[in-house]
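K.L.:
here's a sequence, model it:
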Amino acid sequence: MLKQEPGSSGEKTITQAQYFISNQAVTPERPAPGLYLVATPIGNLRDITLRALDILAAADLVLCEDTRHSAKLFDAYGIRTPRTAFHEHNERARIEAILDRLREGAVIALVSDAGTPLLSDPGFPLVRAARDADLPVFPVPGPSALLAALTGAGLPTDAFLFAGFLPPKTGQRKNALSGFQRQAQTLIFYESPRRLAASLADMAEVFGGARKAVVALELTKKFERFASGTLEALAAQFDEGETKGEAVIVVAGDDGTGAADPAQWQDELERLMETMALREAVDAIAQAHGLKRKQVYNEALALKARNG
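P.N.:
Residues are numbered from 1 along each chain as shown. Down below sits the predicted model:
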C-alpha cells in the first residue's frame, strides 16, 4: 500500500502489517493462528485498543459485517488487510471455508459494524463451529454499547440482563416483554430510532408506567445524550419528534411494586365479567392492580368479543 511517511514529501510502499497512530507507523508482530473476535468503536474512532489495531493490521483476513462501514476505521489507521463480507445472510455458507483456512494456520479477525462481535451481531455459528473443531478462538475486548449505556445510566449494575433487539411488531414485542416483567435485574435493550417511542410505550404498559428507565443515544459521539425518567414519561418524550441514532434502553428491574401479571388480572377480569357489568368489572380491576382504565377496558371488549 502507499502511505505518507511522517516528515516526507513523497510516498513510500510499506508492508501490509502496519498501522499508523498520529502519522507514526507501527509494525505489529504476527499473532498466533486462530479466530480473533475484535471489538471496534461504537462511534468514536479513538476508542479502538492497541491490541485490536495489532490484530487487524497483522491478520490474513478480516471478516466484516459491512466492508464499507469497516473501511472508515481501516482508513483512519492506515490498515490495508484484506476484508470480506460476513453477515447474517452468508455466514453459515462460509463457515467451512473459514474453518479450512484456520486449520491451515491463518489469522482471521471478525468485526461487527460497531462494538463487540456476536452481541446482537453475526458470528455465533462461526465461533461455535470453531470451538467444536477445536480451533483457537481469541476474544479481543473493547467497546460495547450495552456496557457503555449501563455504566452511564445510574441504575444498578451488580446484576443485569441483556435482551438485544425486541420484535418489531407491538403484539410480539409485548409478549416478549412479559417474560422480563418480574426480573429483578436491570434490563438492557437495543432499539432502532423509528421504533423507540413505540417500544417505550409497550414497556410502560407491560412493566408499569412508573418503572424507572434511561435511554442512551449516540453513545461516544458528539451528540451523546442520556434521557432519564419513568417509562411513561420517556414514551411521551420520544413520541414528540424524530429520534436519530441507535438507542440503548436501560430499565430498572422489578422491585415487587410494578405492574400486575397480565395473565393474572386478565383472568380476574374475565371472572368478574361473569357477575358484574363490564364497566364495573373494568373499574374494579384497574383500581385493584393500578392499571390504566383504557387498557383494562380494551381487554374487556376483546374478552367479550371472544366469548360472544
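
K.L.:
list the buried residues for stretch 19-29?
P.N.:
19, 20, 28 (16 or more other C-beta atoms under 10 Å). Glycine gets a C-beta too; all of them are placed from N, C-alpha and C.

K.L.:
now do the contacts for the first one.
P.N.:
I take that to be residue 19. 25, 26, 28, 53, 54, 56, 57, 77, 78, 79 (C-beta atoms under 8 Å, 6 or more residues apart in numbering).

K.L.:
report pLDDT for it.
P.N.:
Listed pLDDT for residue 19 reads 97.

K.L.:
can you pull out the helices in the stretch 1-150 of the chain?
P.N.:
When assigned using DSSP state H, counting those that start in this stretch, the helices of the stretch 1-150 of the chain occupy the ranges 50-58, 67-76, 91-103, 124-132, 145-153.

K.L.:
tell me what the longest one is packed against?
P.N.:
Helices and strands touching helix 91-103, as assessed by 3 or more C-beta pairs under 8 Å, 6 or more residues apart in numbering; DSSP states H and E, comprise strand 34-38, strand 107-111, helix 124-132.

K.L.:
go again with 6 Å.
P.N.:
Packing partners of helix 91-103 (3 or more C-beta pairs under 6 Å, 6 or more residues apart in numbering; DSSP states H and E): helix 124-132.

K.L.:
picking up where we left off before, quick check, nearest of the buried residues of stretch 19-29 to residue 285?
P.N.:
The shortest approach to residue 285 among the buried residues of stretch 19-29 belongs to residue 19, at 62.9 Å (C-beta to C-beta).

K.L.:
give me the distance from the strand or helix carrying residue 301 to the chain's centre.
P.N.:
With elements taken from DSSP states H and E, the one containing residue 301 is helix 293-307. Relative to its parent chain, helix 293-307 has a centroid offset of 35 Å by C-alpha atoms, centre = their mean, to the nearest Å.

K.L.:
now do the buried residues in that helix.
P.N.:
295, 296, 297, 299, 300.

K.L.:
on that earlier part again, residue 196: which of the helices of the stretch 1-150 of the chain is closest?
P.N.:
Closest among the helices of the stretch 1-150 of the chain, using C-beta to C-beta: helix 145-153, at 13.4 Å.

K.L.:
tell me what the closest one is packed against?
P.N.:
Counting by 3+ C-beta pairs under 6 Å, 6+ apart, helix 145-153 packs on strand 247-251.

K.L.:
quick one: the helices in the stretch 201-308 of the chain?
P.N.:
231-238, 262-272, 278-289, 293-307.

K.L.:
is it possible to get a markdown table of those that adds distance to residue 148 and mean pLDDT?
P.N.:
Formatted as a markdown table, the helices of the stretch 201-308 of the chain follow (distance: least, C-beta to C-beta, whole Å; pLDDT from 0 to 100):
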| stretch | distance to residue 148 | mean pLDDT |
| --- | --- | --- |
| helix 231-238 | 19 | 95 |
| helix 262-272 | 32 | 82 |
| helix 278-289 | 36 | 82 |
| helix 293-307 | 34 | 86 |
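
K.L.:
would you tell me which of these gets closest to residue 48?
P.N.:
Going by C-beta to C-beta, the one of the helices of the stretch 201-308 of the chain nearest residue 48 is helix 231-238, 30.8 Å.

K.L.:
which elements pack onto that closest one?
P.N.:
helix 196-207, strand 212-217.

K.L.:
again, only this time at 10 Å
P.N.:
helix 196-207, strand 212-217, strand 225-230, strand 247-251 (3 or more C-beta pairs under 10 Å, 6 or more residues apart in numbering; DSSP states H and E).

K.L.:
show me which residues of that helix are buried.
P.N.:
Neighbour-count burial for helix 231-238 [16+ other C-beta under 10 Å]: 231, 232, 233, 234, 235, 236, 238.

K.L.:
cool, and stretch 65-83?
P.N.:
65, 67, 70, 73, 74, 77, 78, 79, 80, 81, 83.
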